[in-house]
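**Q** everything below, folded, please.
(chains A and B)
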Number of protein chains: 2
Amino acid sequence: MPDSTGFDVSPWGIGWSGWDPQRQARRESVFSLSNGHIGWRGTLDEGDPCEVPGAYLNGLFEEHPMPYAEDGYAYPEHGETLINAPDGKVIRLLVADEPLDIRQGRLEHHEQHLDFRSGTLRRELRWTSPAGDTVHVESTRLVSLAHRPVAAIDYRVTAVSGPLDLTVLSEIVADEPLPRVHPDDRVMAPLEHPLEPVEQFADTTRATLLLRTRRSGIGVAVAMDHVMEGADCSVDTEASEDVARTTVTTRLAAGDSIRLVKIVAHEWSDALTDAALRDRVQASVATATQLGWDGLAREQREYLDHFWDAADVVLEGDARLQQAVRFALFQVLQSAARTEVRSIPGKGLTGPGYEGHTFWDAEAFLLPVLTYTIPDAAAHALRWRHSTLDLARERAKQLHLAGAAFPWRTVSGRECSGYWPAGTVAFHINADIAVALLRHVRVTGDADFEREVALEILVETARLWVSLGHLGRDGAFHIDGITGPDEYSALVDDNTFTNLAARRNLRGAAEAARRHPDDARRLGVTDDELGAWESIADAMAVPIDEERGVHQQSAGFTDLERWDFESTSQDQYPLQDHFPYFDLYRKQVVKQADLVLALHFFHEEFSDDETARAFAYYEELTVRDSSLSASSQSVVAARVGHLDLAIEYLREAATIDLEDLRDDIDDGLHVAALAGVWTAVVSGLGGMRDGCRGVEFAPRLEAPLTRLAFGIRVGGCVLRVDVGMDATTYTLVDGRTLRIRHFGDDVDLEPGSPVRLATPPRSDSGPRPRQPEGRSPQEVRATWGD
Amino acid sequence: MPDSTGFDVSPWGIGWSGWDPQRQARRESVFSLSNGHIGWRGTLDEGDPCEVPGAYLNGLFEEHPMPYAEDGYAYPEHGETLINAPDGKVIRLLVADEPLDIRQGRLEHHEQHLDFRSGTLRRELRWTSPAGDTVHVESTRLVSLAHRPVAAIDYRVTAVSGPLDLTVLSEIVADEPLPRVHPDDRVMAPLEHPLEPVEQFADTTRATLLLRTRRSGIGVAVAMDHVMEGADCSVDTEASEDVARTTVTTRLAAGDSIRLVKIVAHEWSDALTDAALRDRVQASVATATQLGWDGLAREQREYLDHFWDAADVVLEGDARLQQAVRFALFQVLQSAARTEVRSIPGKGLTGPGYEGHTFWDAEAFLLPVLTYTIPDAAAHALRWRHSTLDLARERAKQLHLAGAAFPWRTVSGRECSGYWPAGTVAFHINADIAVALLRHVRVTGDADFEREVALEILVETARLWVSLGHLGRDGAFHIDGITGPDEYSALVDDNTFTNLAARRNLRGAAEAARRHPDDARRLGVTDDELGAWESIADAMAVPIDEERGVHQQSAGFTDLERWDFESTSQDQYPLQDHFPYFDLYRKQVVKQADLVLALHFFHEEFSDDETARAFAYYEELTVRDSSLSASSQSVVAARVGHLDLAIEYLREAATIDLEDLRDDIDDGLHVAALAGVWTAVVSGLGGMRDGCRGVEFAPRLEAPLTRLAFGIRVGGCVLRVDVGMDATTYTLVDGRTLRIRHFGDDVDLEPGSPVRLATPPRSDSGPRPRQPEGRSPQEVRATWGD
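**A** Presented below is the predicted three-dimensional model:
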């Protein structure tokens, strides 16, 4: 049953009936299919009407100049923007010469449904043409999780009235327009027709288009093949520079059907020759055609069964939240499953938002989820960072820093940020990567990965921190003039989050180097250097407002003027659209969890009292103008005993995209925010903390939620945690033994022996923290929902 | 006699013999003529060869888009760039059909000489054409100080061999190209042909061109007339859209001459009709033609005699320095004499540098000189600011601030800064204006000016400060997140210079409002508001490093990491071209006097000991990558008793342009740096301090200087100060009585009774302050001179 969002509520999928031109772009985003390598937005088969066509290949970008009103040293000269790949999802239909267009004729039935278990987008429609001919169309799409280069469509048309002449045009369209991502013509010009045709091949049911980006020099090949069933038809295929087209014509009697299975394969590279690209893509399409639709769909289901068996989250007591949590997990899986040494963009492959750039979102928000649920995908994402290490070393050198400086936003690994105060100097990205590596090694126990991937990055980022900070007169190590997570602050000294992340980075680098001394030596690490990392980590400044007993977001933060929330109207949010940066930067106002993120990530650095005081303090200042905030606020709210608030933040996190709370999912989903939903559930309500002592839980529920169950992969084991109102059951599904902690007590788990443990009584958590006027999660949802 | 600079050394002018294509642009800048309203670069009469053609009309700009890689709230959308006005200084010569071009034929003699007393640029050359015909050409130019719209050329050709057919083409050229001021085509496109022809008039010896800028909508009319003497000739004038041309042909016997006097007048406005522009400019040209060359030259001389009588600076013991000081004063006069409610651009009207924008340079560096030497010009410059007050009020509103926020850089009064951390947030511009107003009122005693101009700006800027800062927990008033004078720091809290300037602004506003209660009431000023200004001024935070006993440039500055000067090579200066902003910002490194400027401007806020300690501390950090620094360092060096250092800084300030120390005067002179020369002499060696107690002097000289004499206008008087090695003579040249202070003692002066007072013995001033490696004034001159 749909609610005000327009989407129905069901436990294992999400659907939409009818057609609403106002919400089409949102639906295209929500119904995206992806395997992390290929992305297809949920556009209509017939191409029109369409808001954002959206077929993406991870890493297929074009270069463009970056304009500046006033230039500066080391400003990136070239930007990178994800472009539309040749789009193989287009299947147009002519019904007795009338093109199927749901804006014309009569649309009697129309629905799309994304199924989280089958990994397919199913569409059904019944349409009567202006001439009075009626067809029933069923199409099912998948982007294969099992076969990385492959996507497929099972397309069926039934003649309701008849006899009917039908023509099906199945296409690869190579020059779909990109939305205007920048006001400057110099930026846009190279993005207008970025692909230069190289070669085309066509043969009865098959075609291949081969093109190359003009500036970035990436070759791309897309091939298709087709299998027809159910009626006699004639088939022909042709290919021109920008389009390949298979034309199927048939005559159906009333009640008869034709089925067309379309197999599409993709290959792209800046290193392969044209011949290699062509041969590979044609081999992929042949293999997949061999498997057929049923084979592809079966393997898709198997892949997802394996995923859900370990990772499913059950949340009883709120059906919309249950659906939203599974939707979030499904989209996180889709964004990362098969990236295989490519980045995970901020919007996954669901839209052109953020120009297809990856940010710290990936390491700080997605990686925790991936490491615990799809560790292979996590490893790939981290291996991608490793593959860009030389670029990061170059960037550090350009900035006169040691080690490596990873980019704030990028496709290829080159810095593409055009606003350095919230780009280049957000150096925490480097520690975010390090922290993700350390977690991944700790949770998976993968020593090879540590040696091959983690160690080198840890060493180079540790060196960065040494060169970035300095030992002050007070004996503390200070990192000045950088920007932390909160984008309403910039160029601050001693950002607590950054300093604690750098501390972990430095210590983790030292520990990894000690575990792998030969590899460390090869990287030039000396004992002196190791010792310096450890003593710098120990000396790291952590600014505290002694008078208030509150940790400072950065040195001096709590002395700044408090933002005048009382005089700020709700339509002045997000503040950055209505106030100049400098005014935001110099006042106590927080866009997104920063010190609170430190409370969450680096919990061992704060006592319970410090956590509670700091959370209460920063709640009053946090306006949540970022999608990356609610999940961390949820986690810390739960930790300090404010479960009602934790659930409200969870609800906000879970519905940011489904309810389009930020009115900005037309250009893609917020993948990191979706990952945060898992974190809010597992680390918030589930009370999971990871740290050097292993995995700890402190789960608590509160009405309306009555049951929470989730699973994690840790140390090669699969652990299921089933939380009720009064007790929690821990079950080791896979693995030999696992020691965990439940509310501070060690628990040893063995397979086949679930352990049920009572939830201790709650202590008084004091008054509920207050948010700025109008910015509590309920108020925000009331304002932003439509 | 010329030295290594190529310029000769003479007391009342500056000249150059020969021709050096490498240094032509520099010569064009140095030989600029201007009255502040019109500017003519020192290009050759015949137009070619030419580096930067350069004919400017103050305020004649074109608008263009401002590009940003990433946009932000309240970023200026449009920039403004001073364009080339129709250029009336071109006089081409054909010698028996051979165009005079000093690159061809044989140049037997060539010199240009700028005369500070006659206010003319004289040129003389003897040239033999490739065909063997020899001519002697003498041309003298002036841009009239007495007649604002008028410039003129006295052009004489003598046939050395003969008989010779000569053709003189006297032109107004309307479409001279502007140098590329920005890499972005969107910026440059509107600047390529900014003037649209409207109408042209031509008639025997006269012509007028009328054009209008395409975007900014400014109409401009330039007219010329000619008077010929000395030989029979035929004359004709024609005009097309982009050029007006008077053609004079004659035949001269050997030894005979022809003289052509060209009168040019200019009129421009965004408010006048085409007809009004045409009528005015034609009237101006007729009036000036009536006066003739001799009349114009005589009035020019009279104007300058009046100026030099009061303002001349005599400096004995260093002939180059004597010349440089008079050159500096002459160019300062030229930049400001007749602006009459227009701005004074950073490069005056001597070149296209800084796009013709005015900065704080005008109020902070030029205005002190103007107020004491040409008070009328000072008043005009301040009236221009007043005329832009509504734009400043709008800008403040856009920034959610009270009162008025003046632009960091602009032609029209609209903010044109494309880099807000060193633009919009350099709010000290507002106090710089206020301080200039307060000084002007104090020194001139002009109560009408205070009521009509100063009060309203003082009130609105005081309101700005109130809204910009906040009262902290410590009871002090803090101004956070702004940028002070030092451009190697940004977004700092409590910049001492800014806070002290704001304090003076607030107190000055309160005092002015109390003096003019009715006018203040009309501006909405209440007693409560007045009281708030005073108590905020009293509570203003002034950060001090207690441990070191040193004032901080901004809060926390002395705790930042010290720049690694030892590892910085001299070819890495200016640092901003070799290091990223963030790295400069977060370390102790100073581009230009900031705390030292506070020591100079707000001397009464610092004890002698504090001044000495602070100067020594900041000397070690100041790299002087700005032309605005040396003069203030000179003043404070003198104040703390390091006269040798003061003289070195004075020498650097005086030769920045003549020796082109910064390799950047091709696009115009540094007018504010030139003004600083006067300040270094008068406030440094002369020891003049201005403050509420009137004018004080503490003059001291040191070898090689043996005598310094200067004059100031104060309270309607003219005071001449004549400093010798052991004593100083004060003479009241004009005015009834004046009380001054000499080394702290009151002295009452009366006309006709010079007072000679001994210089007290020097106390020990301690060790000479050190500069960063390679950055002492001698080292910088050694590196930068060519």
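
**Q** quick one: the closest residue to A:Thr287 other than its chain neighbours from B:His603, how far?
**A** Of all residues not flanking A:Thr287 in the chain, A:His147 sits nearest, at 7.5 Å (CB to CB, 6 or more residues apart in numbering or on different chains). Glycine gets a C-beta too; all of them are placed from N, C-alpha and C. Taking CB to CB, to the nearest Å as the measure, A:His147 falls 78 Å from B:His603.

**Q** of these two, which one has the most company?
**A** The neighbour comparison of A:His147 against B:His603 (other CB atoms under 10 Å in any protein chain shown) goes to A:His147, with 24 against 18.

**Q** for that one, helix, strand, or coil?
**A** coil (DSSP: H, G, I helix; E, B strand; the rest coil).

**Q** the residue of the stretch 101-250 of chain A found nearest chain B: what's it in contact with?
**A** Per CB to the nearest CB, A:Asp184 is where the stretch 101-250 of chain A lies closest to chain B, at 5.1 Å. By CB atoms under 8 Å, 6 or more residues apart in numbering or on different chains, A:Asp184 lies in contact with A:67, B:67-68, B:186.

**Q** out of those residues, the closest to B:Tyr573 would be?
**A** Of all the contacts of A:Asp184, B:Tyr573 sits closest to A:Pro67, with 27.6 Å by CB to CB.

**Q** for the closest one, helix, strand, or coil?
**A** Per three-state DSSP, A:Pro67 ends up coil.

**Q** next up, the contacts around it.
**A** So, once contact is read as CB under 8 Å, 6+ apart, A:Pro67 ends up touching A:184, A:186-187, B:67-69, B:184, B:186.

**Q** switch the cut-off to 10 Å
**A** A:79, A:182-187, A:418, B:65-69, B:182-187 (CB atoms under 10 Å, 6 or more residues apart in numbering or on different chains).

**Q** nearest spatial neighbour of A:Gly418, skipping sequence neighbours?
**A** Distances taken as CB to CB, 6+ apart place B:Ala69 nearest to A:Gly418, at 2.2 Å, with adjacent residues excluded.

**Q** so how far is A:Val425 from that neighbour?
**A** From B:Ala69 over to A:Val425 (counting by CB to CB), the distance is 15 Å.

**Q** neighbour count for the two, which is higher?
**A** Ranked by neighbour count (other CB under 10 Å), B:Ala69 and A:Val425 place A:Val425 first, with 26 against 21.

**Q** remind me which residues of chain A are low pLDDT?
**A** A:1-4, A:783-786 (pLDDT under 70).

**Q** please, where are all the helices along the stretch 201-350 of chain A?
**A** A:274-311, A:319-336 (DSSP state H, counting those that start in this stretch).

**Q** right, so the ones you listed: which one is the most enclosed?
**A** With neighbours taken as mean count of other CB atoms under 10 Å in any protein chain shown, the helices of the stretch 201-350 of chain A reach their highest mean count in helix A:319-336, at a mean of 24.

**Q** now do that one: distance to the chain's middle.
**A** On the basis of CA atoms, centre = their mean, to the nearest Å, helix A:319-336 sits 11 Å off its chain's mean C-alpha point.

**Q** then stretch A:287-307?
**A** On CA atoms, centre = their mean, the centre of stretch A:287-307 falls 24 Å from the chain's centre.

**Q** ok, now stretch A:353-363?
**A** Worked out by CA atoms, centre = their mean, stretch A:353-363 lies 8 Å from the chain centre.

**Q** got the CA coordinates for that stretch in CSV?
**A** Provided in CSV are the C-alpha atoms of stretch A:353-363 (Å, rounded to 0.1, in the frame of the first residue of the first chain):
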residue,chain,number,x,y,z
GLY,A,353,24.9,14.0,-8.7
TYR,A,354,28.3,15.3,-7.4
GLU,A,355,29.6,14.7,-10.9
GLY,A,356,30.1,11.0,-10.0
HIS,A,357,32.8,11.9,-7.5
THR,A,358,33.8,9.7,-4.5
PHE,A,359,34.3,11.5,-1.2
TRP,A,360,35.1,10.4,2.4
ASP,A,361,31.6,9.1,2.4
ALA,A,362,32.9,5.9,1.0
GLU,A,363,35.5,5.1,3.7
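
**Q** what about it, near chain B?
**A** No. Judged by CB under 10 Å from any CB of the partner chain, stretch A:353-363 makes no contact with chain B; its nearest approach is 10.7 Å.

**Q** which strand residues bridge A:Arg92?
**A** A:Leu169 (DSSP bridges).

**Q** run a quick neighbour tally on it.
**A** Residues near A:Arg92, counting by other CB under 10 Å: 18.

**Q** check A:Trp16 too.
**A** A:Trp16, neighbours per other CB under 10 Å, totals 23.

**Q** correct me, but it touches A:Val9?
**A** No. Assessed by CB atoms under 10 Å, A:Trp16 is found out of contact with A:Val9, at 11.5 Å.

**Q** could you pick out the buried ones from the contacts of A:Pro67?
**A** A:79, A:182, A:184, A:186-187, A:418, B:65-69, B:182, B:184, B:186-187 (16 or more other CB atoms under 10 Å in any protein chain shown).
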